[in-house]
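Chemist: okay, predicted coordinates and the sequence, questions at the end:
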Amino acid sequence: MAGSMLKFVDIGQRMPEKRAAGERREDFAEIYQEFDPAAAADQASRCSQCGVPFCQVHCPLHNNIPDWLMLTAEGRLEEAYELAQSTNNFPEICGRICPQDRLCEGNCVIEQAGHGTVTIGSVEKYITETAWQEGWVRPVRPRRELEASVGIIGAGPAGLAAGEELRRKGYQVTIYDRYDRVGGLLIYGIPNFKLEKEVVNRRAELIADGGATFKLNFEVGRDASLAELRQRHDAILIATGVYKARDVKVPGIGLPEVFPALDFLVASNRKGLGDEIPACDATRLDARDKHVVVVGGGDTAMDCVRTAVRQGAKSVKCLYRRDRANMPGSQREVGHAEEEGVEFVWLSAPEAVLGDERVSAVRALKVHLGVPDTSGRQSPEVIPGSSFTLEADMVIKALGFDPEDLPQLFGAQELGVTRWGTIAIDFKTMMSNLDGVFAAGDIVRGASLVVWAVRDGRDAAAQIDKYLQAKATGEAAASVAAE
Ligand SMILES: Cc1cc2nc3c(=O)[nH]c(=O)nc-3n(C[C@H](O)[C@H](O)[C@H](O)COP(=O)(O)OP(=O)(O)OC[C@H]3O[C@@H](n4cnc5c(N)ncnc54)[C@H](O)[C@@H]3O)c2cc1C
Ligand code: SF4
């Protein structure tokens, strides 16, 4: 496509204002400015259509960003949407929650030149929201139905993307999930203020309208073994995510007001969805009027601190053992948390949770960053005698997730896993060591991102299609030979 004029306009994504530590904002204006058509076109037309689209290279889906920006700038939104959705099953979701500063936008040439990135995520969201409003988003309609069936374990983004792509090809798709709702971490992990739940629900309905069957409240391992599912289906995709919360071993960690991050976030999301929460949990897992300390520095920790602020906590502190430059969470998220009044306590590690029957404080030690380890990251070393305390009524552990023991859970000891417990696959075929059993998403990569789960789901669907076609050809040849 021909190049467009480079323009510098309001970047459409509010940059966080710095506030004094602990200073609160009460209005929670949303992160993303809503675009009107003129603002979207203005923003899209800032793309320089540079010859080397680094944004596209650094998007895990290799979305054709320059072309859909060009189409948006020209007001050709339906074509922009068609292009955006051709590589991404959930463009409006990625547009909202991708850490764009580490992916497409962080590599935008205009950003690199110091003029502020084209806000690619906001435009992607705008294009797809317009498509929903205009009725351009339709369920898949396969050209022909196939007999072969695929069972997908896990209705998170990896399972859903794979399910939609397999339905597109005509396979019979059943998606099993132990939750009562579709979406995995999209529905119960990521908070509503980042990703509204209607956005996830309408995708789930679309996939069901496209002919996929959902079996919810169905836990593989409890309601059926992997072997039973293999009997029922011609191929299986395991897309179960990673859910074993990492722990920290310090005295007092067993006190009742210390919670794993997902317990806190699931309760908050359930409340937002209008579910009944048992009375004790509704109070215990609510940060209102409490001093909250969140331990960890990743995106989950950022979601916890920002949720606690929204619930009306008295104070929210984030305790992290490295410094700002070395934290795994998105810098943009940290900026938003600071803007909302979260206080970051850098280079600090918990030493003990204090309290007799109830939590009263966290005692922490100062840390300095030592020599880099084999991964190149500087290892945190505690400074003896540097103890200090932080007032706390509630402590949230957000230290990351590991895979559950799937071979044991699935009653399938023969299923091969890596030394980290993730499922071992052949990266070309995405198949595990069991014939016809594939895997995708966090359960292969370890805790990662939605956009990578979508990419894996799409890749797995393509590989499952190849496998089933080869199987059908092999069976046809065998029956001819037998005649
Ligand atoms: C709090 C939090 C916030 C995050 N925020 C972001 C963000 O802002 N942006 C981003 O890109 N990524 C974010 N992530 C990461 C992202 O959510 C994951 O990388 C992504 O959801 C992985 O997709 P998945 O399909 O592999 O697994 P999941 O989304 O975890 O889905 C797995 C599904 O499998 C089901 N399941 C598990 N075991 C069984 C079983 N035995 N039987 C049946 N069903 C089973 C689960 O119930 C679940 O529904 C966040 C993660 C967390 C925890
Ligand atoms: S999917 Fe994510 S990384 Fe790719 S263009 Fe959209 S926001 Fe950027």
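Modeler: That came in fine, so what should we check first? Ligands and ions are numbered 1, 2, ... in the order given.

Chemist: ok, whichever residue of the stretch 251-400 of the chain sits closest to ligand 1 - contacts?
Modeler: Going by CB to the nearest ligand atom, ligand 1 is nearest to T300 of the stretch 251-400 of the chain, at 4.0 Å. Bear in mind the C-beta positions are built from the backbone N, C-alpha and C, glycine included. By CB atoms under 8 Å, 6 or more residues apart in numbering, the residues touching T300 are G189, A261, L262, L265, A398, G400, F401.

Chemist: tell me the phi and psi of the residue lying closest to T174 once chain neighbours are set aside?
Modeler: For T174, ignoring the flanking residues on the chain, the nearest one in space by CB to CB, 6 or more residues apart in numbering is T213 at 4.7 Å. Main-chain dihedrals, T213, degrees, to the nearest 10: phi -100, psi 130.

Chemist: T213: neighbouring residues, count only.
Modeler: For T213, the count of nearby residues is 13 (other CB atoms under 10 Å).

Chemist: likewise for D263?
Modeler: Neighbours of D263 (other CB under 10 Å): 15.

Chemist: anything in whichever helix or strand it is part of near ligand 1?
Modeler: According to DSSP states H and E, D263 maps onto helix 261-272. Yes. Between helix 261-272 and ligand 1, judged by CB under 6 Å from any ligand atom, the touching residues are L265.

Chemist: what does that helix contact?
Modeler: Here helix 261-272 has contacts from 187-189, 191-192, 197, 243, 245, 277, 281-282, 285-287, 294, 296, 300-301, 303-304, 307, 311, 396-398, using CB under 8 Å, 6+ apart.

Chemist: buried stuff in the following helix or strand past it?
Modeler: Sequence-wise, the next helix or strand downstream of helix 261-272 (DSSP H and E) is helix 279-284. Across helix 279-284, burial judged by 16 or more other CB atoms under 10 Å covers R284.

Chemist: next, the angle helix 261-272 makes with the helix or strand following helix 279-284.
Modeler: Remark: after helix 279-284, the chain's next helix or strand is strand 291-295, criterion DSSP H and E. Interaxial angle, strand 291-295 versus helix 261-272 (axes from the mean of the first three to the mean of the last three CA atoms, to 10 degrees): 130 degrees.

Chemist: got the angle between the lengthiest strand in the chain and strand 291-295?
Modeler: Secondary structure assigned by DSSP state E gives strand 361-372 as the longest strand of the chain. Relative orientation of strand 361-372 versus strand 291-295 (the same axes, to 10 degrees): 30 degrees.

Chemist: now for strand 361-372, which elements pack on it?
Modeler: Applying 3 or more CB pairs under 8 Å, 6 or more residues apart in numbering; DSSP states H and E, we find strand 361-372 packed against strand 348-354, strand 378-382, strand 388-391.

Chemist: got the contact list for the helix or strand that the shortest one is followed by?
Modeler: Using DSSP H and E, the next helix or strand after strand 388-391 towards the C-terminus is strand 394-397. The contact list for strand 394-397, computed with CB under 8 Å, 6+ apart, reads 245-248, 253, 255, 257-261, 264, 287, 290-296, 301, 304, 308, 313, 353, 359, 362.

Chemist: put the buried members of those residues into a PyMOL selection.
Modeler: Typed into PyMOL, the next command selects the buried ones out of the contacts of strand 394-397 (criterion: 16+ other CB under 10 Å):
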select buried, resi 245+255+257+258+259+260+261+264+287+290+291+292+293+294+295+296+301+304+308+313+353+359+362
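
Chemist: follow-up on the earlier one: which of the contacts of T300 sit farthest apart?
Modeler: L265 and G400 (13.8 Å; CB to CB).

Chemist: around ligand 2, pick out the residues from the stretch 1-150 of the chain.
Modeler: 59, 61, 63, 65, 88, 94-95, 98, 100, 103-104, 120-121, 124.

Chemist: how about D101: what's its closest non-neighbour residue?
Modeler: R332 (4.8 Å).

Chemist: how far away is the one you found from D299?
Modeler: Distance of R332 to D299, given as CB to CB, to the nearest Å: 10 Å.

Chemist: so for the two, which residues contact both of them?
Modeler: P99.

Chemist: neighbour-wise, which of these two wins?
Modeler: For R332 versus D299, neighbours defined as other CB under 10 Å are more numerous around D299 (22 against 19).

Chemist: in terms of helices and strands, where is the spatially closest residue to the more buried one that is not a sequence neighbour?
Modeler: In this structure, D299 finds its nearest non-sequential neighbour in G329, 4.9 Å apart by CB to CB, 6+ apart. Using DSSP H and E, G329 sits in no helix or strand.

Chemist: what about G329, neighbour count?
Modeler: G329: 22 neighbours (other CB under 10 Å).

Chemist: and it, what's its pLDDT?
Modeler: Among the per-residue scores, G329 shows a pLDDT of 80.

Chemist: spit out the contact partners of it.
Modeler: Contacts of G329 were listed using CB under 8 Å, 6+ apart, and they are G297, G298, D299, A301, M302.

Chemist: turn those into a markdown table, including pLDDT and secondary structure.
Modeler: As requested, the contacts of G329 are exported to a markdown table (pLDDT from 0 to 100; DSSP: H, G, I helix; E, B strand; the rest coil):
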| residue | pLDDT | secondary structure |
| --- | --- | --- |
| G297 | 93 | coil |
| G298 | 91 | coil |
| D299 | 90 | helix |
| A301 | 96 | helix |
| M302 | 95 | helix |
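
Chemist: closest to ligand 2 out of those residues?
Modeler: D299 (14.0 Å).

Chemist: okay, now the unreliable bits of the chain?
Modeler: 1-34 (pLDDT under 70).

Chemist: which one of L265 and G400 has more residues nearby?
Modeler: L265 (23 against 18).

Chemist: quick one: contacts for the residue in the stretch 351-483 of the chain positioned nearest to ligand 1?
Modeler: In the stretch 351-483 of the chain, the residue found nearest to ligand 1 is G441; the distance is 2.3 Å by CB to the nearest ligand atom. Counting by CB under 8 Å, 6+ apart, G441 makes contact with G154, G156, P157, A158, G159, A239, G241, S448, W452, A453, D456, G457.

Chemist: number of nearby residues for the closest residue to it other than its chain neighbours?
Modeler: Nearest non-adjacent residue to G441, counting by CB to CB, 6+ apart: A158, 2.8 Å away. For A158, the neighbour count with other CB under 10 Å is 34.

Chemist: could you do the one 4 residues further on as well?
Modeler: Burial of A162, expressed as a neighbour count using other CB under 10 Å, amounts to 33.

Chemist: just confirm it is within a helix.
Modeler: Yes. Checked against DSSP: H, G, I helix; E, B strand; the rest coil, A162 lies within a helix.

Chemist: that one contacts I236, doesn't it?
Modeler: No. Contact criterion CB atoms under 8 Å: A162 and I236 do not qualify, at 11.0 Å.

Chemist: who touches both of the two?
Modeler: I152.

Chemist: mind checking the SS state of the closest residue to K366 other than its chain neighbours?
Modeler: For K366, ignoring the flanking residues on the chain, the nearest one in space by CB to CB, 6+ apart is S386 at 3.6 Å. Secondary structure, three-state DSSP: S386 is coil.

Chemist: need phi/psi at S386.
Modeler: Dihedral angles (degrees, to the nearest 10) for S386: phi -100, psi 20.

Chemist: can you give me the neighbour number for it?
Modeler: The burial count for S386: 14, using other CB under 10 Å.
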